[in-house]
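Q: The sequence isn't on hand, but the structure is:
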């Protein structure tokens with residue numbers, strides 16, 4: 001059974017930091033490109049960051065450049081999103097996504113975790 005389980009969301013003040021985690025199971029994690037997406041109320045889901053199987057960042061949203069970073073631990077089947085200097089406009093549901101680097105039709109989503117940036 002494929003699972004992507006996000007955790008670490010919550011309420012944080014502007015300028016604060018938060019780390020999200022996504023634990024994967026049920027597929028060959030190390031061969032998947034992993035990404036974080038987010039969706040704010042009334043907006044479309046957008047890509048935040050992507051990381052390849054070797055840990056290289058392949059894509060990122062300009063709005064998070066210099067503030068967010070992504071990493072992966074293939075031994076733990078987990079990806080992380082380190083978010084610094086958070087702004088109210090970062091408020092969204094954050095989703096973990098995995099796409100097979102061998103078969104692009106194999107893609108999975110987590111259930112999402114809420115991040116709220118507010119004073």
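A: Nice, thanks for sending it over. Note that the structure is a prediction, hence the values are computed from the model and not measured.

Q: okay, CA-based contacts and neighbour counts for the rest of this
A: Fine.

Q: From the contact counts, what lies against the lowest-mean-pLDDT helix or strand in the chain?
A: Within the chain, no helix or strand scores below strand 57-60, which has a mean of 84 by mean pLDDT, DSSP states H and E. Applying 3 or more CA pairs under 8 Å, 6 or more residues apart in numbering; DSSP states H and E, we find strand 57-60 packed against strand 46-51.

Q: Show me the contact partners of the strand it packs on.
A: Under the criterion CA atoms under 8 Å, 6 or more residues apart in numbering, residues 33-39, 57-61, 64, 69-72 lie in contact with strand 46-51.

Q: And stretch 56-74, end to end?
A: One end of stretch 56-74 to the other measures 13 Å (CA to CA, to the nearest Å).

Q: burial of residue 56, as a residue count?
A: 13 (other CA atoms under 10 Å).

Q: Pull up the gap between it and residue 14, please.
A: Where residue 14 is concerned, residue 56 sits at a distance of 28 Å (CA to CA).
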